[in-house]
Each structure stands twice: as structure tokens, then as C-alpha cells.
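S.K.: what's the 3D shape of this:
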Amino acid sequence: MKYRVSAVQYHLHTIQSFEEFANQCEHYIKTAQEYGSEFVLFPEFFTTQLLSIGSEQGTRLTINELPGFTDQYRTLFSNFAQETGMHIIGGTHVVQREGRLYNVAHLFYPDGRIGEQAKLHITPTEVHEWNMSPGEDFTIFETEKGRIAILTCYDIEFPEIVRMAKAKGADVIFCPSCTDDRHGFHRVRYTSHARAIENQVYVVTTGTIGSLPTVDFMRANFGQAAVITPNDIPFPPKGIMVEGELNSDMIVTADLDLSLLYEVREAGSVTTWRDRRTDLYPDWEKAETIEG
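M.R.: As a prediction, this is how the structure comes out:
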């Protein structure tokens, strides 16, 4: 099975209205549609751009006000998905549940359904500056093109959760991210490569670029989109199918061939997924059985 994916290097800049935000998103959506993409990935925290609008009184908005845009955001992207027939991973958006803030990735299906995956591992900034809470549930999403997982930024740096995603049948990991410097960017990028090699899966990742001068902790962004593959003969030698220009406003597109994953898992130069030592470190199913 093959399908086409696009990843958006979303340019953050100050806007004056929700309509401006919607128009910018529509530009990327229409571009991906023109390329014939079936899945589109937006980055983590890209909706913080809405905070740059400010209040009616002219004061700055904080992360606590971002959940107030949730209904508009969900309606906008759900309409995009239904109008274009594409699956849209709408980056992440901050939502409030029972008085707590969560950084939640959203999958908008063409039939109007909306899937959610809260970020499971949250950074010190999210904890101490934004008072966020980590997600408690991990979801594998069924799509007409197979199973996928959505792991946000810091999540990809933990090998256990990606191994669990593969054990549950996910062949593609979508990783929306938001990093403010080279160090953070390369942590996410290098571990994305590691997860692709360990589990013989595709990792589609992207990040924010640009700047929001009036939004705390979003003043600097360092990002690049990429489609990352296992490192074996059917794939590019560096494990990079496509990547964007660093910190440029653009979209990248590539075709994923799932049959190549199945081939290297069975008869690749190395067969890392097949050769894991489940007698020493069991998969999640076996671990749950032991604990139960």
C-alpha cells in the first residue's frame, strides 16, 4: 500500500484575527491538496499564533486563553478534512479539561470524526511555565490507509512508547514538534531517526518556524519538516526521503510505500523488529499479561 503525505513548516507571525489564521491554514491545505496528498501534518503549538491577536482591550493573551479558541479550531480543520477528503493531523492545540491544560494532537478524518492524542511526556517549560498536565491514554488510530500513531515532540525521545505503537500495528508515526533552538531540534530529529531504525517504521515530523514576539516562550522557533525512513537498501542511504529547507515557510511531500517496511522487516540487511529479545524485554502485551 502507498499513500502520499505532506508536512507543513508553519510560519508563526503576528496576526490580527482568527480569519487570518484560517486563511494561512487554508493556503497550506490547498497546496497539499494540489499535490494529491492524503495525509497532512501541522506542527505542535502552531495555534499559539492565535494568542498574538490579543484581547479586545489590547492586552496580551496567555496560554490560559488558548482553549477559548478550541471550538473554532476544531470546526475549521474538520471542515478542511471533509472538503478535501484528506486526513489532517492538525498539529497540537491546548485544551482545558476539568481545570487542567493539555497539549493535544488532533486527527481530523474526512468523514468528520476527530481523534485526539494528548502529549504523554511534557517538557519542563510546559510543566513550570504553562502548568500543563501529561496525557494518560495512548491511542493507535485506524485509517483507511492503515494504523498510525501521533507522538508529539518530546514523546519521540522515549523509545518505549514508539515500540508500543509498532507492537500495536502502527507503521507510520506522525510527530508534530515545536523547538526553539538547534539543540531541541536535533534532539527530536536524531531520536526520530533512531525510532525509525529500531522499529522499521516511517516517521513524519515537522516544526514551527518564525516568531511570535508577544507570546511568551514562542519568540524563537527552529524547525524543519522531514519524512524519515529505516536505514536499509530500499530507502535513501541517510534515511531521509524528503526534508525542507531549515526555517523556511514551505511544505514537503513524499510517498510512503508500506510494502517496503514489510520487506525489510522480513529480509533486510538487519531485521531489528524481528530480532528484538522479547524473552528479556517483552512487548507491551506480554508485559500487561505478566502484571495482570
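S.K.: Retrieve the pLDDT associated with Phe158.
M.R.: On pLDDT, Phe158 comes in at 97.
S.K.: cool, and Gly58?
M.R.: Gly58 is assigned 78 on the pLDDT scale.
S.K.: what's around it, how many residues?
M.R.: When neighbours are defined as other C-beta atoms under 10 Å, Gly58 has 6 of them. (Glycine included, C-beta is placed from N, CA and C.)
S.K.: distance of it from Leu66?
M.R.: 18 Å (C-beta to C-beta, to the nearest Å).
S.K.: what's the answer for Asn79, then?
M.R.: Asn79 is 20 Å from Leu66, where distance means C-beta to C-beta.
S.K.: now the strands: where do they sit in the stretch 151-292 of the chain?
M.R.: Ranges of strands within the stretch 151-292 of the chain are 172-177, 202-207, 209-210, 226-228, 240-243, 250-257, based on DSSP state E, counting those that start in this stretch.
S.K.: Tell me which of those sits nearest to Glu160.
M.R.: With respect to Glu160, and counting by C-beta to C-beta, the nearest of the strands of the stretch 151-292 of the chain is strand 172-177 at 13.4 Å.
S.K.: before we move on, the earlier item: any chance of the strands of the stretch 151-292 of the chain in JSON lines, plus mean neighbour count, distance to Val264 and mean pLDDT?
M.R.: Below are those laid out as JSON lines (neighbours: other C-beta atoms under 10 Å; distance: least, C-beta to C-beta, whole Å; pLDDT from 0 to 100):
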{"stretch": "strand 172-177", "mean neighbour count": "28", "distance to Val264": "15", "mean pLDDT": "98"}
{"stretch": "strand 202-207", "mean neighbour count": "29", "distance to Val264": "12", "mean pLDDT": "98"}
{"stretch": "strand 209-210", "mean neighbour count": "22", "distance to Val264": "32", "mean pLDDT": "98"}
{"stretch": "strand 226-228", "mean neighbour count": "25", "distance to Val264": "14", "mean pLDDT": "98"}
{"stretch": "strand 240-243", "mean neighbour count": "18", "distance to Val264": "14", "mean pLDDT": "98"}
{"stretch": "strand 250-257", "mean neighbour count": "19", "distance to Val264": "11", "mean pLDDT": "98"}
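S.K.: Listing request: residues of the chain with sub-threshold pLDDT.
M.R.: In the predicted model of the chain, residues 284-292 satisfy pLDDT under 70.
S.K.: Spatially central, which residue of it would that be?
M.R.: Geometric centre of the chain, nearest residue: Pro176, 2.5 Å, by C-alpha atoms, centre = their mean.
S.K.: What is the burial count for the closest residue in space to that one that isn't next to it in sequence?
M.R.: Distances taken as C-beta to C-beta, 6 or more residues apart in numbering place Glu44 nearest to Pro176, at 4.3 Å, with adjacent residues excluded. Per other C-beta under 10 Å, the neighbour tally for Glu44 reads 28.
S.K.: Helices of this structure, residue ranges please.
M.R.: 18-34, 70-84, 124, 159-167, 182-199, 258-267, 284-291 (DSSP state H).
S.K.: right, and these - which one's nearest Gly223?
M.R.: Per C-beta to C-beta, nearest to Gly223 of the helices of the chain: helix 182-199, 6.7 Å.
S.K.: What helices and strands are in contact with the closest one?
M.R.: Other helices and strands packing on helix 182-199, by 3 or more C-beta pairs under 8 Å, 6 or more residues apart in numbering; DSSP states H and E, are helix 159-167, strand 172-177, strand 202-207, strand 226-228.
S.K.: Apply 10 Å and report the result again.
M.R.: helix 159-167, strand 172-177, strand 202-207, strand 226-228, strand 240-243, helix 258-267 (3 or more C-beta pairs under 10 Å, 6 or more residues apart in numbering; DSSP states H and E).
S.K.: In CSV, list these along with distance to Val252.
M.R.: Conversion of those to CSV gives the following (distance: least, C-beta to C-beta, whole Å):
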stretch, distance to Val252
helix 159-167, 22
strand 172-177, 13
strand 202-207, 8
strand 226-228, 7
strand 240-243, 5
helix 258-267, 19
